[in-house]
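Asker: quick one: sequence plus predicted model below, questions after.
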Amino acid sequence: MNKMVRKANAFEIVNHWVLAGSFFVLAVSGFGFLFQLEQLNSVFGSFNTMKVWHNWAGVVFIVSLVLTIVHYLSVSLRFTSDDMEWFSKAGGYLSRRVKAPPQDELNAGQKLYYLVVLVAGIAISASGLVIWLRPASSDITRLVLISHLIHNICFDLLVFAIPAHIYLATLANPGTFRIMVYGTVPLEWARKRHQKWVQKIGV
Amino acid sequence: MARKALLISPERCIGCRGCQTACKEWNHLPGTKTVNRGTVENPPDLTPYLYNRIRYIETATEADMVRWLFVSQRCMHCGDAGCIKICPAPGALFRTKEGAVAFNKEKCIGCKLCVAGCPFDVPRYDDKDKISKCHLCYDRTSEGLLPACAKTCPTGAIRYGERDALIGMAKKEGYGKVYGEADLDGLGALYAFIDPPKLYGMSEKPAIPESVVFWHKVLKPLAYIGLGGAVAAAVLHYVAFGPKKDEEVKKDE
Amino acid sequence: MTNHWIDIKNADVILVMGANPAENHPISMKWIARARENGAKFIVVDPRFTRTAAKADVYAPMRSGTDIAFLGGMIKHILDNNLYFRQYVSEYTNATFLVNPEFKGPWQLDGLFSGYDEKGRKYDKKTWSFQTDENGLPKKDPSMKDPNCVFQLLRKQYARYTLDKVSDITGTPKEKLLEIYGLYASTGKPNRSGTELYAMGWTQHTIGTQNIRAMCIIQLLLGNIGIAGGGINALRGESNVQGSTDHGLLFNILPGYLPAPTATIPDLKTYNEKFTPKTKNPKSVNWWGNRPKYITSYLKAIYGTKATKDNDFGYAWLPKLDEGMNCSWLMLFDQMFKGKFEGFFAWGQNPACSGANANKVRKALAKLKWMVNVNLFDNETGSFWKGPGMNPKDIQTEVFFLPACSSVEKEGSITNSGRLAQWRTAAIEPMGQSKPDSDIMNELYFRVRRLYQKQGGKTPAPILNLTWDYGEKGPDGKVRKVDIHRVAEEINGSYLEDIFDSKATPPKQLGKRGTLCTNFVTLQADGTTSCGNWIFSGSYTQKDGKKTNMMSRRGKNDPTGLGLFSGWAWAWPVNRRIIYNRASVDPQGRPWDSKRAVIKWNPTKPDPNTKKPGVWEGDVPDGPAPPMAMEGGKYPFIMMATGMGGIFGPGLAEGPFPEHYEALECPLQENLMSKQRINPTIKLFYDKSSGAAEDVYYSCDVRYPFVATTYRVSEHWQTGVLTRHEPWQLEMQPQMFIEMSKELAKEKGIKDGDKVIVSSGRGKLWAIAIVTERFKPFRVANSTIHQVGMPWCFGWQYPEDGSSGDSSNLLTPTIGDANTMIPESKAFMVNVEKA
């Protein structure tokens, strides 16, 4: 029958949702700031409290982001020829016929996504901290302006990347979402998608 | 309502600083502890409690004659205001119906981005981390009164009125160019300079920082486009290719 | 001011010398700006490039204390180049008068005039007189060619003031002198006007009065007195200094510039004989001929029904000065220093900071038994006993503080420099226990009066006989609260009987018993009128029973466009805005300059009083008489017995023409103009054989090589008692500073913002150095002379942390002008060292 394998542990699941939750708060309030969406006052009360939410959600985001480094960095930096092939075939997403090469624990797209989140996350966090904790003095105007620019570039990147991630993890790949709920996937499902990993763990 | 403005004429200014005091009086701003730094000019810069100050510029000329210029430094009430542009909090910085750039401390979230967005280094933050700067006394002008500085100026070095009329007045007084006539969609603080603005410590071509313009024109729309694009791509993909089903994977195998 | 503030806008050339209006009289700059916009040229002469100089068309530096040399050079320039207004000079001034042939001047006596008594340091003025005809009238030479006529003597006096000599003395470059002389002298034309604005920069010198005299001569030569945009205009240092002087602030005058009586004048008759000038010239109005009316009405005002014809209207009760007695500021504090006083009311003043040689003043206060400090805040005077260098244990002075309320907490008039008395209402109730000065005086009066009633005392009459009907009285006879309107009514005066013009047939009623006077013209010398101050008569009038406070009028009409605003408040005398305005028209009554007609004679329009044709239009003329050349016409200078402007002025101590003398403390061993280094008539408080060490002075002494001057700043009021407590002002001007040239700073190793020690023979203090291009070294007598300047607005007491420093008056000398005894705070010698 459907044998289940563990794809994610409890820590990973919790951290994912912490990261996702903080990002959600950040993104919504971020949009609020960017476009002065006063409608959000019905959620946050005021822009002042929204700013508090934004800043402290940012702190949670940073902590969570740092924790992901421990878990995924080494895996994500390892790119093999299979990964390259995966990219050339666009992971098989753009055709019903093309077969994606066998993948490890994380497929190449996931690795790339992680790295994007990591880089953009670090950049948006660092620039966010500059904007938040800057002294009132105008001597550091240049730094603030650069930070403001980076914060917004990263935001633009993330508001593109995250919906893609959500789509791919839900509608595009039925069955994936449960990893971030139960941590387990059917063995067959795993074999199809993470062949190398399944072999490695020797199930 | 026709846009209102200040016309500041350093040629008429006698450096008495009645405007500095009148401003503090009207706006209930405290005096701060200062020292003499070897100049009459004090405080040395705008502060959260100093919306308007006179700069004293001493220049020796070729003829071995000194000149002493008195120039009011304050918010310029730009027509295209970098501070308003960059401000994330609705209503924190706003344009009055007279055309001034005013603020509402209650709505200010203390992010200080306006400090970076200002081409003239004007906004300051008070001890509660709220924006503080000249607001052209909109609480007076909206009631038909003059701004405190213009009201108190004994020589007419600070005049308040309809912007177009003030520009006309300055031209009639022989000033070929009025500083701030066109820059930044026209400044709300116009200056009648007889010499190049640089001499008065003013930038020749004031502009909002380029990164802010880029952000405003490109990045901001991109944020919508990004989000919308991502969602649209997902929908398109779903329609075109559908989900990766296990069955399919199986078949492929 | 002969003119008024707004009138500055009518000038073609404005000379500011001895003043710094941008910093000390900011509102005047509005009118200067207005004049400049109409094409006027603005000249500033000052040792330092001030905020006023920053607005000038022409600026010239000048070493402190050399104004007479500067102006003497201008007189020479005007005479040499025939730039004077010939008709004005010959018809309206005493230039044509022949002077006593025995009169000799500085050009003959090496800096002295004839009649000098070296021992007494004063002149016998016998030879300073005019030759007179059989009627006692001065002999004239209308051609002004007689070698003894004033005009020719003037030429001789200033022939020595050559460009080279003047430049050598003043340190002003020759080309600047020429530029300014030429520009200012251009106002000698009938259609050009020039005004001069001065303040303490002219008065606070040992030759202060003569500084102003020199300018008066220039203004008369150029025909600038009496006209719009002309005049000689003192910018008063406080908003109501004019008013306080008008009302008898000084020791030597009673209200309305009536001389204070002396012990040698036993009765009113003698007083009137001595002080009432006479003339047999029917064309001379000789207004002071009315003196008996004014003194009698004054006595009636202060002693009321107690003043009768039989008791000389109470003349005996007036306090008398000993003959030659001087009770000016310097003398008072000198006497106090010598322990001659028991008590002292420091009323609205801060002598511990404002007094010249403030160390001496502070020591003098310690010699008192008691002091009453009446002020808004405690100050360095009230707290002198805990000041620097004081040991409270050794000081026996008991100090009382009476809190006075501020000007916005009380009603009353203030009279500004333009003689404009404006009524102010109280904006708020007095704060805390503070009271208006009038109420404090009221308390004092009744308590003193009660003591006199109980104990008798030596001279109770002057107090017991005083009228004091200034408000509703309580059962004890004390006025509960002073109604300042009653004071204003008393000043204006009232008719005690029905007054008739006896010359008219039938006698015309001038005033109705029990009503307020119309003006001083109707005052009488027989005790039937009462008037507290004749020059203010007309300021609070009554018509058909209705009283009108003229000072509270707010009319905004200006029909002449000259800014007279005759319906706004009220100016003394009789609401005249420009005095000596009869000099603004030619002898036929036609304005010299029809575009700026202050008054003009309309020969056809009937006079509303006499119904005869011929009436003056414009400002209130100096008397209704027709123009000078007509029948019954009068000379323009109505306050002079001769009716003529005084180019020759024998009234002053130093001589009838101003002569340059150096300041008591100066950088030169010799006066380049004559052997007479300092003003020969000043009272010296110190010389090597006598005088207190506190009064020491050092001239041309290597220990104190730099010329110093003191001044005010726009950010502080006087000694700063009001403004140092005010954080907004203190923020702008927080600390004592000294301005100096880059050259001097380099010489002394001082950098901008450094703390330096400034010292004089009398004291020392710290100051922050402002090293500036605005001060330049002077080239004087082939050597370089540095000058520095300091404000006197700071004091040790407040701010409490002592961060402001102390008053520059710690350095100033004990020496005064020979006529007024105003201290010489504007030119003295100091040393500067890096702290």
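Answerer: Sure, I can see it.
Asker: give the contact list for B:K151.
Answerer: Counting by C-beta atoms under 8 Å, 6 or more residues apart in numbering or on different chains, B:K151 touches B:22, B:140, B:145. In short, each C-beta sits where N, CA and C put it, glycine included.
Asker: that one belongs to a helix, doesn't it?
Answerer: Yes. According to DSSP: H, G, I helix; E, B strand; the rest coil, B:K151 belongs to a helix.
Asker: now it: how far from B:L7?
Answerer: 14 Å (C-beta to C-beta, to the nearest Å).
Asker: can you check A:R134 too?
Answerer: 35 Å.
Asker: please say which of those two ends up with more neighbours.
Answerer: B:L7 (26 against 19; other C-beta atoms under 10 Å in any protein chain shown).
Asker: okay, and the beta partners of that one?
Answerer: Counting by DSSP bridges, B:L7 is bridged to B:R159, B:L190.
Asker: quick check: it vs C:H4, distance?
Answerer: B:L7 is 29 Å from C:H4, by C-beta to C-beta.
Asker: for A:K7, same thing?
Answerer: 96 Å.
Asker: try C:L652
Answerer: Taking C-beta to C-beta, one finds C:L652 at 26 Å from C:H4.
Asker: chain A contacts on the stretch 51-200 of chain B?
Answerer: B:86, B:88-90, B:92, B:107, B:109-113, B:115-116, B:121, B:124-125, B:129 (C-beta under 8 Å from any C-beta of the partner chain).
Asker: scan the chain for its longest helix.
Answerer: Defaulting to chain A. Longest helix of chain A, by residue count under DSSP state H: helix A:47-77.
Asker: looking at chain B here, not the other one
Answerer: helix B:220-240.
Asker: poorly predicted segments of the chain, please.
Answerer: Looking at chain A here, since you left the chain open. A:1-2, A:203 (pLDDT under 70).
Asker: my bad, chain B
Answerer: B:62-64, B:245-253.
Asker: residues in it within reach of chain C, list them.
Answerer: Counting by C-beta under 8 Å from any C-beta, chain B sits next to chain C at B:11-12, B:14-18, B:20-21, B:24-25, B:30-40, B:42-43, B:58, B:60, B:65-70, B:154-156, B:173.
Asker: quickly find the element holding the residue nearest to the spatial centre of chain A.
Answerer: By C-alpha atoms, centre = their mean, chain A has its centre lying nearest to A:V117, at 4.9 Å. Here A:V117, judged by DSSP states H and E, is contained in helix A:108-133.
Asker: which strands or helices does that helix pack on?
Answerer: If you count contacts as 3 or more C-beta pairs under 8 Å, 6 or more residues apart in numbering or on different chains; DSSP states H and E, helix A:108-133 packs onto helix A:47-77, helix A:81-88, helix A:141-169.
Asker: ok, which of those comes nearest C:F648?
Answerer: helix A:141-169 (70.5 Å; C-beta to C-beta).
Asker: okay, the angle between the closest one and helix B:220-240?
Answerer: Going by axes from the mean of the first three to the mean of the last three C-alpha atoms, to 10 degrees, helix A:141-169 is angled at 10 degrees with respect to helix B:220-240.
Asker: can you name the element that comes right after helix A:141-169?
Answerer: Using DSSP H and E, the first helix or strand after helix A:141-169 is strand A:184-186.
Asker: contact partners of that following strand?
Answerer: Counting by C-beta under 8 Å, 6+ apart, residues outside strand A:184-186 touching it are A:2-7, A:175-176, A:178-179.
Asker: kindly report the same for stretch C:281-290.
Answerer: With contact meaning C-beta under 8 Å, 6+ apart, stretch C:281-290 is reached by C:135, C:137, C:275-279, C:520, C:523, C:622-623, C:625, C:628, C:633-635, C:638-643.
Asker: just the buried residues out of these, in ChimeraX syntax.
Answerer: Only the buried entries of these go into this ChimeraX selection, using 16 or more other C-beta atoms under 10 Å in any protein chain shown:
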select /C:276,279,520,523,622,623,625,628,633,634,635,638,640,641,642,643
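Asker: show me the contacts of stretch C:281-290 that map onto helices.
Answerer: Members of these lying in helices (criterion: DSSP H): C:F275.
Asker: ok, the residue of the stretch 51-200 of chain B found nearest chain A - how many residues close by?
Answerer: In the stretch 51-200 of chain B, the residue that lies nearest chain A is B:P88 (3.5 Å; C-beta to the nearest C-beta). B:P88 has 21 neighbours, counted by other C-beta under 10 Å.
Asker: and it, which of the three is it?
Answerer: coil.
Asker: check which helix or strand the closest residue to it other than its chain neighbours maps to.
Answerer: Distances taken as C-beta to C-beta, 6 or more residues apart in numbering or on different chains put A:F33 closest to B:P88, at 3.5 Å, once the chain neighbours are dropped. Following DSSP H and E, one finds A:F33 within helix A:10-35.
Asker: show me what that helix is packed against.
Answerer: helix A:41-44, helix A:47-77, helix A:141-169, helix B:220-240.
Asker: try 10 Å this time
Answerer: Counting by 3 or more C-beta pairs under 10 Å, 6 or more residues apart in numbering or on different chains; DSSP states H and E, the packing neighbours recorded for helix A:10-35 are helix A:41-44, helix A:47-77, helix A:108-133, helix A:141-169, helix B:220-240.
Asker: is any residue of the fourth one near chain B?
Answerer: Yes. Using C-beta under 10 Å from any C-beta of the partner chain, helix A:141-169 reaches chain B at A:141-153, A:155-168.
Asker: with the longest one instead?
Answerer: Yes. With C-beta under 10 Å from any C-beta as the criterion, chain B is reached by helix A:47-77 at A:47-52, A:54-55.
Asker: what residues of that helix count as buried?
Answerer: Buried, per 16+ other C-beta under 10 Å, within helix A:47-77: A:47-48, A:50-51, A:53-55, A:57-58, A:60-62, A:64-65, A:67-68, A:71-72, A:76.
Asker: now do the buried residues in stretch C:257-267.
Answerer: Buried-residue list, stretch C:257-267, by 16+ other C-beta under 10 Å: C:257-258, C:260-262, C:265.
Asker: excluding its backbone neighbours, what's nearest B:P30?
Answerer: Per C-beta to C-beta, 6+ apart, closest to B:P30 is B:Y49, 5.4 Å.
Asker: the one you found against B:P43, yeah?
Answerer: Yes. Taking C-beta atoms under 10 Å as the definition, B:Y49 is a contact partner of B:P43 at 8.7 Å.
Asker: anything in contact with each of those two?
Answerer: B:31-32, C:731 (C-beta atoms under 10 Å, 6 or more residues apart in numbering or on different chains).
Asker: most neighbours among those residues, which one?
Answerer: C:E731 (24 neighbours).
Asker: alright, that wraps it up for me.
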